[in-house]
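Q: what shape does this take:
(chains A and B)
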Amino acid sequence: MSKFLKLSALPRSWDTAILGLLAMVLILASTTTEGFLTSLNFSYIFSNTSEITIMAFAMTFLIITGEIDLSIASILALGSSMLGWSYQKGAPIWLAIIICLVVGTVCGFINGFLVTKVGLGSLAVTIGTLALYRGIANGILGENTVNEFPEAYTSFGFDTFGTSFMPKTMPLIIFFGLLFGFLLHRTPFGRRTLAIGQSPEAARFAGINVVRHKIIVFTFTGFMSGVAGVIYTFRFSTAQADNGVGLELLVISAILLGGVSIFGGVGTMWGVVAGVLLAGSVESWLTLREINAQWRTIVTGILLLISVAAPVLVAKGKERREHKALKS
Amino acid sequence: MANKGELLLEMNKVAKRFGGAIALKGTDLKIRAGEIHALLGENGAGKSTMLKILAGVHDNDGGTIKLGSKDFLTGSPQQSIAQGIAVIYQEPSLFLDLSLAENVFIGRQPKKGAVIDWKFAQTESARLFKELGVELDPKRQARGLSIADQQVVEIAKALSMNANIILMDEPTAALSASEVERLMTVMKSLKAANKAVIFVSHRLDEVFAISDYITVMRDGATVSENPVGDTNLQKVIKDMVGRELTDLFPKTEHKIGEVVLEVNDLTNPAYFRNISFKVKKGEIVALAGLVGSGRSEVARAIFGIDKYESGAVKVKGEILPAGSPVLAMKRKIAFIPEDRRQQGLFMVAGVNRNISMESFDSLTDRGLINFKKEKSLTDIWRDKLSIKFVNQADPVDRLSGGNQQKTVLAKWLATDPDLLIVDEPTRGIDVATKAEVHRLVDKAAGEGKAVLMISSELPEVLGMADRIIVMREGRQVAELSRAEATQEKIIAAATTGKKSA
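A: As a prediction, the model looks like this:
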């Protein structure tokens, strides 16, 4: 542990430290727990984290700009409910999917509009829409569930390629991962996202249209929640109003675990991917060791606290060492 | 109470290192009662380290420090205060919602029995303000006080704790000309009360106006210590930079071309009214006036940071829509704001990322940033502006003020603007870098850019500008050509609104 903390003493290297931690967990779990290092188990890890990963890709941008969206799981549920409802009413499945994506996009845009144009805090706005979107989903489906979907689609959500560890959703996730990774690290849009988080005022003086930029990020976060809604619906073959309750916290946890600063301005996409996989692996490890659900939640909570506290503690330790060096 | 001329503080061969870096290597300083002592030097000369040792923030690792006949005890700020040393920082840290009396006695409220004796606090504060020659109501809130008056409250606080050595770190950097006057009055009162004042400043005209002694530091050592009568500006600058600085204002004559910026009747009633002027190719136009006269707001309105109510801005004859920095940039305007830390730079981001921020068009291949091109862009501007840093990815936070300012300049010059707006381009940077920045601005004009410069430093305005527009309380009160402008004329226009003094 001490060695690992030293690793993270390099400035802003939490995202690399988390890779080390992930490797450690994978090795420990594989050597101590039977059934962990199997392609079946890995296919579970990947498919269990698929919606979280999809939403985390977009939400990373939002947290880097210094905003947050707590309504993403409700958007997922509203999209899923619309998908189920429209399919039940006779819409072709492709149209139902598009409806789900459009609903997600619109919900995200509404969040962005309220936050930037009306000037309300994103925490307040999205706590509101968290309830609102879930409420509308309830209004549409009520207690009903829709679970008759074409098999080709549910198999897409659930199956793997042959007997490999790759769920059929994997290529889609990799596609979005590359897309958002490049967007954050290789494009002017990504640079501006980081810049806004580092100093909104300097961003304005640098000629960045901060309002428009944030609306775009909120909107594609909504879109990606819609995508997650489609996958969730087919993976469980169920469209219902309480789909994905509480997922927003898992997404935020994974992102912070991946080294994105809750204060904005700092973060990497590979760190976030490692964060998601770390959370997923630990969960799977504990499940295989038949440790009950409460304990799993406690471990996840502790991991999250470490990830938030570690960078601060490391910085403080560094300061103390420098101070000592001064005195000697 | 010390007698005038009595030696209050003597620092002898004081040394200090931070890890491998030597901050001080044998600094001497003598301070007497009833003396205003200026401490000069370029950024990094060791002035701040010295002040911090006296303030109790750092320990010295070599040399001796004596307070009168006693040894100075380093260790903590509390201990320094107990020994009669008080520090006034550039940005005072008052509690804005409390009254001035409460601020003066914060943390040591006088008591009468179990309750706080506000009456005493108020009369005592009033007495201290009077002693300092400033009229302030002890019962008023600190909110809304000018920076200079906030500093006065800090000084009163120091006096109430029986400080007899007052350290001021760049007290005038954020003050307007009239506020500087006020602070100087206070410094003279302190001197009359036989206190010692040590102050750091980059404004040499002030230094010569008020100090009794001038100590110059360079590379962590004292270079010279002279009564003000025995030295002069040229000599002080030479001591600071270690060589003769022949030209602080390297203005050259350029061919003036067609109009680039035309401002017509620009009005934003909260800040300025009916502002009209033109800036031509190759010309440097200065907006002069007191802080708060609306100069910066005009510049912000031109660049689109703020909106304006009426009037128009034309760039090369075409209207520039209001309120959009994005459009202003497209029309080749560059704006270097007054606060480089808050507005000009992303402090935690690398030097390379700051420099490339406005130049993505030339750095991207099919939408993706080409890191090689970004690296070479940074190299080019490092060489052109001689910016000093170790790694390209070092956060600009680690650079000195002068190098930070050059980084902002680099970022905007990289866009090859037609119009360069610079707001207080040399605030808080040392004299050698100032000259470099002036040379860069002059060079930009020489390359055919139009330059609009805002500055509170009159020597800079007089030294650099082809034309000077003076503003007072949001109105344009005078326009002077380079030939007719004098310090007196500008001050007269800026303070009274009348053109001739």
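Q: assign the one residue in the stretch 151-300 of chain B that gets nearest to chain A to helix, strand or coil.
A: Residue nearest to chain A within the stretch 151-300 of chain B: B:Arg300 (9.0 Å; C-beta to the nearest C-beta). Glycine gets a C-beta too; all of them are placed from N, C-alpha and C. The three-state assignment at B:Arg300 reads helix, by DSSP: H, G, I helix; E, B strand; the rest coil.
Q: low-scoring stretches of chain B, by residue?
A: B:1, B:19-21, B:43-44, B:243-246, B:497-501 (pLDDT under 70).
Q: near chain A, which residues of it show up?
A: B:18-19, B:58-59, B:305, B:325-326, B:328-329, B:335, B:337, B:342-349, B:353, B:356-358, B:360, B:364, B:367-369 (C-beta under 8 Å from any C-beta of the partner chain).
Q: mark which of these are buried, thanks.
A: Buried by 16 or more other C-beta atoms under 10 Å in any protein chain shown: B:58, B:305, B:325, B:328-329, B:335, B:337, B:343-349, B:353, B:356-358, B:360, B:364, B:369, out of the residues of chain B next to chain A.
Q: strands - which of the residues you listed land there?
A: Within those, residues falling in strands by DSSP state E are B:Phe335, B:Thr364, B:Ile369.
Q: domain assignment for chain B?
A: Segmentation of chain B into domains, based on automatic domain parsing, reads B:7-241, B:254-332+B:417-501, B:348-416.
Q: out of those domains, which comes closest to A:Ile75?
A: The minimum distance between A:Ile75 and the domains of chain B falls on domain B:348-416, with 28.0 Å, by C-beta to C-beta.
Q: just the ones in helices from the buried ones among the residues of chain B next to chain A, please.
A: If you go by DSSP state H, those have B:Pro325, B:Ala328, B:Met329, B:Arg353, B:Ser356, B:Phe360 in helices.
Q: what count of nearby residues applies to B:Arg143?
A: Applying other C-beta atoms under 10 Å in any protein chain shown, we find 10 residues neighbouring B:Arg143.
Q: give the helix, strand or coil label for it.
A: Per three-state DSSP, B:Arg143 ends up coil.
Q: what residues are up against it?
A: B:Leu96, B:Asp97 (C-beta atoms under 8 Å, 6 or more residues apart in numbering or on different chains).
Q: try it again with 10 Å
A: Going by C-beta atoms under 10 Å, 6 or more residues apart in numbering or on different chains, B:Arg143 touches B:Leu94, B:Phe95, B:Leu96, B:Asp97, B:Leu98.
Q: what residues does chain A have near chain B?
A: For chain A, the residues in contact with chain B (C-beta under 10 Å from any C-beta of the partner chain) are A:11-12, A:182-183, A:185-192, A:194-199, A:201-209, A:212, A:261, A:265-266, A:322, A:325-328.
Q: buried subset of those residues?
A: The buried subset of the residues of chain A next to chain B (16+ other C-beta under 10 Å) comprises A:12, A:182-183, A:185-192, A:194-199, A:202-209, A:261, A:265-266.
Q: could you measure from the nearest residue to B:Leu266 once chain neighbours are set aside over to chain A?
A: Closest residue to B:Leu266 in three dimensions, ignoring its sequence neighbours and counting by C-beta to C-beta, 6 or more residues apart in numbering or on different chains: B:Gly311, at 3.7 Å. Distance, B:Gly311 to chain A, using C-beta to the nearest C-beta, to the nearest Å: 22 Å.
Q: need phi/psi at B:Ile319.
A: Main-chain torsions, B:Ile319, degrees, to the nearest 10: phi -60, psi 130.
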